[in-house]
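Asks: coords please:
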Amino acid sequence: MSGKKFIKILLLLFFPLFTKAQNQSKNLDSLKLALNSAVNDSVKMVALFNMADYYTTNIPDSCQFFADKGVSVAKRINQPLWVAHFLTEYQSYLAMVSGNILLSFKFANEALKITNEEKNEKDVYIPKGYEFTEPHKFRLSLLGYTLHQLGNIYRNAGDLKKAISYYQDEIKIFESLKSKTAMAFVQANMNIGSIYATTNKLDSAILFDKKSLEYAQTSGWKEYDGHILYLIGLVYEKRNRLDSARYYYWQSLKVSSQQKNKLSKIEGNISLAKLYQSLHQVDSAKYYAINALQLSIDFKSPGSVYIAANIISNAWKAQGNADSALAYLALSKTVGDSLSKDKNEKLIQFQHINFEEQLNLEKQAQENIVYKNNIRIFSLFVGVGILSILAFIFYRNNNQKHKANKVLEKTLTNLKSTQSQLIQSEKMASLGELTAGIAHEIQNPLNFVNNFSEVNAELIDELKTELATGNGQSAIEIANDIQENERKISHHGKRADAIVKGMLQHSQSSTGKKEPTDINALCDEYLRLSYHGLRAKDKSFNATLKTDFDDTIGKINIIPQDIGRVILNLITNAFYAVDEKKKAGKENYDPTVSVSTKKINNTIEIKVADNGNGIPSSIKEKIFQPFFTTKPTGQGTGLGLSLAYDIIKAHGGEIKAETQVGDPSSSGKTSGTTFIINLPQNSK
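Replies: Here you go, the predicted structure:
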């Protein structure tokens with residue numbers, strides 16, 4: 001092939017770089033207006049931050065431009081925390097995306113130094129609308145974002161264990177701050193799920209991905225929905241469920257296009273191109289690869305250019321077009337060689353950064369609330385030793401590419417052999433909604449305690465009177481009454497204590513480990529608490545509760561917080577169903593929700609049934625799909641049953657629904673829904 005022809009092809013490939021977007025969103029117009037009308041430097045600094053954020057995932061050059069200007073303004077008005085904010089969110093992120101791990105790491109460490117120092121809280125500017133308005137909490141939130149970026153960097157460098165550690169530290173910070181935005185929880189859970197997918201821990205991966213989606217839906221922070229859907233598709237592809245994988249890849253591409261997230265669009269196109277390539281559907285593979293190539297060139301992502309060009313080359317080769325195949329192969333090889341050399345050099349630099357500086361950073365971090373009980377000096381020395389060994393291997397090898405591949409291979413092998421399963425489950429999201437029910441449960445025994453205490457006080461006065469008059473028989477009878485009342489006080493006091501201890505246990509984060517659990521007590525407790533919680537919110541709500549528990553079951557080996565969440569979700573849905581039918585206005589309708597357990601061979605069956613309207617056959621197959629909900633907008637996320645399905649699967653069990661549809665105004669004798677859970681009794 002002639003050089004002119006090759007250059008012509010390259011010019012065609014890079015043509016999108018010179019095209020100009022024709023449509024500007026209203027959001028961009030409002031951001032520009034805010035920047036141009038800024039009344040002072042503080043307001044201007046925040047406006048520059050928002051402008052950089054707008055361009056983060058679609059035009060990196062523009063993002064860099066506004067971020068650089070923002071850092072200059074922040075330094076000029078002495079706002080170090082905002083300097084750190086720009087460094088973490090934009091400078092470090094953009095350097096990492098472009099493949100410059102060393103520069104990204106330096107930016108993140110500079111931000112870590114700033115956010116670790118309390119003195120930088122002084123006179124910090126916090127605009128209206130930010131979640132954390134106190135300087136101390138504002139600084140800690142920025143520290144959390146910095147830890148997240150460090151997790152991203154170590155993940156890109158191949159140190160997956162350290163990456164997970166940083167993400168977990170980030171989650172702890174925002175849990176301590178009682179964050180309600182869920183942004184940090186979305187990102188951290190998403191990335192942990194991605195790491196588990198990479199290491200083929202697929203059950204853990206799907207759980208963390210669904211968790212991330214749930215946080216995104218409940219908070220409304222959906223910027224990464226496209227990427228999360230891609231990760232779910234990746235898990236299904238690894239499980240060889242290609243139809244499901246393709247569905248989620250399509251959904252990822254659709255959502256990313258709607259949100260104009262160019263980075264996720266690249267990801268979606270490449271994943272579909274690879275999938276169709278594996279299915280030998282050449283035209284489809286080439287179509288999505290060309291889309292990915294154009295986007296990758298525009299976004300200046302050489303790694304994606306390399307992958308897309310290689311897929312296109314293979315497609316042309318399969319169709320017998322040798323010239324086009326060779327052209328794209330040359331592009332792929334040129335970019336790949338350059339990328340490999342550049343990446344290897346930067347990885348070597350990353351391994352040889354100033355260890356003394358890193359030790360100081362770790363020491364400062366230990367003083368922070370996240371690291372006090374989590375990072376040990378032993379792990380630091382081990383890390384330094386491993387990096388030293390890797391550095392020695394690098395220097396002994398003259399071939400740069402060969403050296404980097406050896407180091408990466410060794411690192412991944414060590415990680416795979418030492419990494420333990422780290423499944424951290426969230427606190428029950430519904431606990432806050434059950435507060436009224438808990439209060440109702442505790443109030444009953446407390447009322448008994450108070451009433452009997454008052455009666456005893458009166459009886460003691462009577463006892464004194466009888467003793468003073470010498471009436472011994474009456475005094476004995478009164479003393480017996482006091483003694484009986486004291487037994488009742490003790491009984492109800494212990495009942496209140498048991499309720500409090502039980503709820504404290506449920507409010508704790510799950511350890512991710514199974515433990516022997518009384519499933520009957522668990523079901524009964526959540527049935528009562530859910531009912532009283534709904535009654536506290538709506539006094540008109542009423543329903544008949546029925547239970548039928550098999551006492552021969554004993555304790556089964558489960559994660560109680562996770563299974564409790566499943567049961568709570570099913571019971572809450574059942575109450576919603578019967579309440580909706582009641583509101584239809586049919587007379588003589590008795591809303592009824594029943595919960596039962598039964599031991600069948602080595603399986604425990606749990607049933608949650610209602611006599612509502614039932615589930616139409618047209619949607620029955622969709623109820624376990626993510627985002628699908630029959631509730632009005634704002635009343636359901638469509639993730640409860642999807643997450644319940646994955647939790648039960650992770651326990652080695654099954655969940656299904658049996659339903660009978662009836663007229664909405666019918667008596668309810670024939671219609672209703674029963675969810676059936678089957679769990680192994682002796683799962684490990």
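
Asks: where does the stretch 201-350 of the chain dip in pLDDT?
Replies: The stretch 201-350 of the chain contains residues with pLDDT under 70 at 299-300, 332-350.

Asks: for it, what spans make up the helices?
Replies: 202-219, 225-238, 242-258, 262-278, 282-299, 302-318, 322-351 (DSSP state H, counting those that start in this stretch).

Asks: Nearest to residue 482, out of those helices?
Replies: Evaluated with Cβ to Cβ, these place helix 202-219 nearest to residue 482, the distance being 52.6 Å. All C-beta spots, glycine's among them, are computed from the backbone N, C-alpha and C.

Asks: Which strands or helices does the closest one pack on?
Replies: Helix 202-219 sits against helix 183-198, helix 225-238, helix 640-650, with contacts defined as 3 or more Cβ pairs under 8 Å, 6 or more residues apart in numbering; DSSP states H and E.

Asks: can you list the weak-confidence ranges in this protein?
Replies: Using pLDDT under 70, the chain drops low at 1-26, 182, 299-300, 332-444, 448, 498-512, 626-639, 663-670, 683-684.

Asks: Domain-wise, how is it divided?
Replies: The chain breaks down by automatic domain parsing into domains covering 180-320, 425-509, 516-684.

Asks: any chance of the helices and strands packed on helix 202-219 in TSV, with mean neighbour count and distance to residue 486 too?
Replies: As requested, these are exported to TSV (neighbours: other Cβ atoms under 10 Å; distance: least, Cβ to Cβ, whole Å):
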stretch	mean neighbour count	distance to residue 486
helix 183-198	24	48
helix 225-238	24	58
helix 640-650	21	45
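
Asks: And the ones you listed: which comes nearest residue 98?
Replies: The minimum distance between residue 98 and the helices and strands packed on helix 202-219 falls on helix 225-238, with 18.0 Å, by Cβ to Cβ.

Asks: Show me what that closest one is packed against.
Replies: Counting by 3+ Cβ pairs under 8 Å, 6+ apart, the packing neighbours recorded for helix 225-238 are helix 183-198, helix 202-219, helix 242-258, helix 262-278.

Asks: any idea which element the closest residue to residue 547 other than its chain neighbours lies in?
Replies: Spatial nearest neighbour of residue 547, excluding adjacent residues (Cβ to Cβ, 6 or more residues apart in numbering): residue 595 at 5.4 Å. Assigned by DSSP states H and E, residue 595 belongs to strand 592-600.

Asks: who does that strand pair up with?
Replies: According to DSSP bridges, strand 592-600 forms sheet pairs with strand 544-548 (parallel), strand 603-610 (antiparallel).

Asks: Please identify the buried residues of the last one?
Replies: If you call a residue buried by 16 or more other Cβ atoms under 10 Å, then strand 603-610 has these buried ones: 604-610.

Asks: what residues does it touch?
Replies: 519, 523, 553, 556, 567, 570-571, 574-575, 577-578, 591-599, 672-681 (Cβ atoms under 8 Å, 6 or more residues apart in numbering).

Asks: what number of residues lie near the spatially closest residue to residue 189 that is not a sequence neighbour?
Replies: Excluding the flanking residues, the one nearest residue 189 by Cβ to Cβ, 6+ apart is residue 212, at 4.0 Å. As a burial measure, residue 212 scores 27 neighbours (other Cβ atoms under 10 Å).

Asks: try the one 5 residues further on
Replies: Residue 217 sits with 20 neighbouring residues when counted by other Cβ under 10 Å.

Asks: repeat for the one 4 residues further on
Replies: Other residues near residue 221 come to 17 when the count uses other Cβ under 10 Å.

Asks: How far does the helix or strand hosting residue 475 sit from its chain's centre?
Replies: Per DSSP H and E, residue 475 falls inside helix 472-507. Using Cα atoms, centre = their mean, to the nearest Å, the distance from the centre of helix 472-507 to the centre of the chain it belongs to is 44 Å.

Asks: Then stretch 266-286?
Replies: 28 Å.

Asks: now do the same end-to-end measure for stretch 234-251.
Replies: 12 Å (Cα to Cα, to the nearest Å).

Asks: let me fix that: stretch 574-591
Replies: First residue to last in stretch 574-591 (Cα to Cα) measures 10 Å.

Asks: Can you list the buried residues in it?
Replies: Of the residues in stretch 574-591, those buried (16+ other Cβ under 10 Å) are 574-579, 581-582, 589, 591.

Asks: In helices, which of the residues you listed fall?
Replies: Of the positions in the buried residues of stretch 574-591, 574-579, 581-582 sit in helices, assigned by DSSP state H.

Asks: now, which of those sits nearest residue 646?
Replies: Residue 646 lies nearest to residue 574 out of these, by Cβ to Cβ, at 20.4 Å.

Asks: Nearest residue to that closest one in space, ignoring adjacent ones along the chain?
Replies: residue 610 (3.8 Å).

Asks: and the gap between the one you found and residue 112?
Replies: Residue 610 sits 52 Å away from residue 112, taking Cβ to Cβ, to the nearest Å as the criterion.

Asks: what's the closest non-adjacent residue to residue 144?
Replies: residue 173 (4.0 Å).

Asks: Repeat that for residue 331.
Replies: Per Cβ to Cβ, 6+ apart, closest to residue 331 is residue 309, 4.5 Å.

Asks: re earlier: so how far is residue 536 from the residue nearest to residue 574?
Replies: Taken as Cβ to Cβ, the span from residue 610 to residue 536 is 20 Å.

Asks: do the same with residue 485
Replies: With Cβ to Cβ as the criterion, residue 485 and residue 536 are 30 Å apart.

Asks: Likewise for residue 642?
Replies: In terms of Cβ to Cβ, residue 642 sits 28 Å off from residue 536.

Asks: about what we covered before: can you name the element that comes right after the helix holding residue 475?
Replies: strand 515-518.

Asks: related to what we said a few turns ago, indicate which one of the helices of the stretch 201-350 of the chain is closest to residue 51.
Replies: helix 262-278 (16.6 Å).

Asks: Residue 672 and residue 611 touch, don't they?
Replies: Yes: at 4.1 Å, residue 672 counts as touching residue 611 under the criterion of Cβ atoms under 8 Å.

Asks: Grab the most central residue of the chain for me.
Replies: With distances taken as Cα atoms, centre = their mean, residue 212 lies nearest the centre of the chain, 2.6 Å away.

Asks: Neighbours of residue 513, how many?
Replies: That count, for residue 513 with other Cβ under 10 Å as the rule, works out to 10.

Asks: ditto for the one 5 residues further on
Replies: Here the neighbour count serves as a burial measure; for residue 518 (other Cβ under 10 Å) it reads 15.
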